[in-house]
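Engineer: Structure, please.
(2 chains)
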Amino acid sequence: MTVAQTTSEDAAPSGGRVLRTNLTRGAGLGLGVVVLWFSVLVLLPLAAVVAVALNGGWEGFVTTLTNPQTVAALKLTVGMALLVALVNIVMGTLIAWVLVRERFPGSRLLEVVIDVPFALPTIVAGLVLLALYGPSSPVGIDVANTRSAVFLAFAFVTLPFVVRSVQPVLEQLDREAEQAAHSLGASAGTTFRRIVLPALIPAIAAGGALSFARGVSEYGSLVLLSGNLALRTEVTSVRMLTYVENGNLASASVVATILLAVALIVLVTIDLLQRWLVRRG
Amino acid sequence: MRTKARAGWLAGVVAVATMGLTACSAPADDPSASSGAGDGAELSIVGFAVPQAANQAVQAAFAETAEGKGTTWTESYGASGDQSRAVEAGLEADYVHFSLSSDVTRLVDAGLVDETWADGANGGTVTSSVVVLAVRPGNPKNIDSWDDLIADGVEIVTPNPGSSGSARWNILAAWGSVIADGGTEDDAIEYTTALFNNIVSLPGSGREATSAFLAGTGDVLLSYENEAILARQEGSELDYVVPDSTLRIDNSGAVLKDADPTAQAFLDYVLTPEAQAIYATFGFRPVGEGVTVGEVEGANDPANPFPAPGTLLTIDDFGGWGEAKKKFFDEESGIITQIQVETGKSS
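Structural biologist: Residues are numbered from 1 along each chain as shown, chains lettered A, B, ... in the order given. Just a heads-up that it's a prediction; the model follows:
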């Protein structure tokens, strides 16, 4: 605290000169806070993860990434997260559409309930899913300890993302353009494809990306339902916990680094795709 | 000058943020163990999740003694390995209670616990149990022994020995049952492979495995006797079988080097017959001689709750946890790890 105070005082007289450059005082402060906050929360931890991963050297990377259990877990996790993101893009947009455009009994309730999967503690979500879609399922669906369980858990926790990003855009959308298209003879399908969808694409892409990122890191909701069986239903978060339990932080960080790289690639691809689609109209 | 100015308010923000973080981590007293007399010691207990309720009962009894009067507690419970790593990384602790002795030796290596921690008559063990086979009420699949587990159509649930240290007791008990019968290491590999072929779920922890089993997964749950007894005390529908050959689970307790002296008094109290009798009511087998075990609700026979198995293996039969971890659970070369991968491929 003392250190901080003295430095602040030292710095005070020079403050004016700094801010004369091109940022206003408020903007400079805002940017500074953002950079600091972002560094403390995101950049430093991520850099630390990568640094620990590099501790094991090239050999560490190769050993970890040739481990059959780890490879299977990475494939399953990334593949399922992508699949779930795609399903969410379709289903989430549909749900958002229904919520905004249709009035039906219970729509208010749906509006509230849609966030529950995200808000529920994941282990509780896991228990609920196991009770409903496990061996003693009251509806006769048993996906416990199969890959479908991984899909189900991912889909459950990521449900709100696309809905919540598309919904506000849809609400703001000018309906006159749609009505004009309609009166000029365009079918409902054409109107949606040519008028509505282009406006929604950035929101859908953002929701899909969030959904993917959340799926890749999921643990709590599937640890009960998926069974964590090697090469079959084990996801990367369980692999990382195994490495940590054995005191092998380098390998755990290697897996995390790979996931980080995959997430980065996916996010950049989605961004490029979205720009391309928007430009194309 | 420009950098200096920026550094100035950056430092200010950091200071404020640090203060905020410190405020968040301020310890909270545990009301259940506090006697309210402000003159007692303030102790931190860091432990694995399973014995939390039992520890609280023992802490309350300790507060009734002359040495423990007025002691207040800060508690932290979680997965054994995670808790041990947290203390290694600086989590404040006076007394630790872990599932595996290797979680205490990690603290010895870090210079936090004295090397002689396990030299007492109890060998560092403060609570004890055995590996049991939990089954559906009435035991419809007639599971009585380890051999019954590898029959066709028997589905097994056990916590994941990869990610959960405590889960490793179960797998070693299965392995050891073959060796105890005079089998060779190859026989044990064959048996354990058959066992893994019947495993349908490997939840993250012992408690999660119990949840999965109670939700209908599998025919048999490999569990700890105290966990099965606790589940039955809570009204859950399961029976359990103590197999003829099983492994004794030794949970370790230790006092940290720079702990308050009252922590040592607490450890001494934990090892008294009086405290062990309290642990027994929660389903733990007594450590040490001369413990009068009363009725244990939830046990198969409450009047004789802890029947002696034919063969009781200990972790020393596997060379201690240091060796067993390397040999069986190394994530590349461990025997069990390899069996897990092999059985994963074949199905």
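Engineer: Show the pLDDT at the residue nearest to B:Leu214 when sequence neighbours are not counted.
Structural biologist: With CB to CB, 6 or more residues apart in numbering or on different chains as the measure, B:Ser236 is the residue that lies nearest to B:Leu214, at 5.5 Å, once sequence neighbours are left out. For every residue, glycine as well, the C-beta is placed using N, CA and C. Model confidence at B:Ser236, expressed as pLDDT, equals 94.
Engineer: and if you look at the one 10 residues further on?
Structural biologist: B:Thr246 carries a pLDDT value of 97.
Engineer: Return the residues in contact with it.
Structural biologist: Shown in contact with B:Thr246 (CB atoms under 8 Å, 6 or more residues apart in numbering or on different chains): B:Val130, B:Val131, B:Val132, B:Ala173, B:Ser177, B:Pro309, B:Thr311, B:Leu312, B:Leu313.
Engineer: Now with 6 Å, please.
Structural biologist: With CB atoms under 6 Å, 6 or more residues apart in numbering or on different chains as the criterion, the residues that contact B:Thr246 are B:Val130, B:Val131, B:Ala173, B:Pro309.
Engineer: Just the ones of the residues you listed in strands?
Structural biologist: When DSSP state E defines the strands, the subset of the contacts of B:Thr246 inside them is B:Val130, B:Val131.
Engineer: By neighbours, which of the contacts of B:Thr246 wins?
Structural biologist: The member of the contacts of B:Thr246 surrounded by the most neighbours (other CB atoms under 10 Å in any protein chain shown) is B:Val131, with 27 neighbours in all.
Engineer: What score does the closest residue to that residue other than its chain neighbours have for pLDDT?
Structural biologist: Using CB to CB, 6+ apart and skipping the chain neighbours, the partner closest in space to B:Val131 is B:Ala173 (3.7 Å). As summarised for this prediction, B:Ala173 has a pLDDT of 97.
Engineer: Pretty sure B:Ala173 sits against B:Ser129.
Structural biologist: No. Taking contacts as CB atoms under 6 Å, B:Ala173 lies outside contact range of B:Ser129: 11.1 Å.
Engineer: coming back round to it: quick check: the residue nearest to B:Val131 vs B:Ser245, distance?
Structural biologist: Distance, B:Ala173 to B:Ser245, using CB to CB, to the nearest Å: 8 Å.
Engineer: A:Phe38 too?
Structural biologist: Summarising the geometry, the distance separating A:Phe38 from B:Ser245, computed by CB to CB, is 57 Å.
Engineer: what's the particular helix or strand that has A:Phe61 in it packed up against?
Structural biologist: Under the criterion DSSP states H and E, the helix or strand holding A:Phe61 is helix A:57-66. On a contact count with 3 or more CB pairs under 6 Å, 6 or more residues apart in numbering or on different chains; DSSP states H and E, helix A:57-66 meets helix A:249-280.
Engineer: quick one, the helix it packs on and helix A:57-66 angle?
Structural biologist: Angle, helix A:249-280 to helix A:57-66, by axes from the mean of the first three to the mean of the last three CA atoms, to 10 degrees: 70 degrees.
Engineer: quick one on the thing from earlier: A:Phe38 and B:Ser245: which is more packed in?
Structural biologist: Taking A:Phe38 and B:Ser245 together and counting by other CB under 10 Å, B:Ser245 has the greater number of neighbours (21 against 11).
Engineer: How about that one: which residues does it bridge to?
Structural biologist: B:Thr311 (DSSP bridges).
Engineer: and it, what does it touch?
Structural biologist: If you count contacts by CB under 6 Å, 6+ apart, B:Ser245 has them with B:Ser177, B:Ala180, B:Thr311.
Engineer: same thing but at 7 Å, please
Structural biologist: Counting by CB atoms under 7 Å, 6 or more residues apart in numbering or on different chains, B:Ser245 makes contact with B:Ser177, B:Ala180, B:Pro309, B:Gly310, B:Thr311.
Engineer: Just give the nearest non-adjacent residue to residue 238, would you?
Structural biologist: By default, I'm working from chain A. Nearest in space to A:Val238, with sequence neighbours left out and distances taken as CB to CB, 6+ apart, is A:Asn228 at 5.1 Å.
Engineer: My question was about chain B, not that one.
Structural biologist: Residue nearest to B:Leu238 in three dimensions, not counting chain neighbours: B:Ala134, with 5.0 Å by CB to CB, 6+ apart.
Engineer: again with B:Glu331
Structural biologist: For B:Glu331, the nearest residue in space outside its immediate sequence neighbours is A:Asn246; the separation is 5.3 Å by CB to CB, 6+ apart.
Engineer: what's around the one you found, how many residues?
Structural biologist: Residues lying near A:Asn246 (other CB under 10 Å) number 22.
Engineer: how close does it sit to B:Ile336?
Structural biologist: Summarising the geometry, the distance separating A:Asn246 from B:Ile336, computed by CB to CB, is 12 Å.
Engineer: Need the overlap of contacts for those two.
Structural biologist: Shared contacts of A:Asn246 and B:Ile336, defined by CB under 7 Å, 6+ apart, are found at B:Phe329.
Engineer: coming back round to it: wait, isn't the residue nearest to B:Leu214 in contact with B:Ser211?
Structural biologist: No. Using CB atoms under 7 Å, B:Ser236 makes no contact with B:Ser211, being 9.7 Å away.
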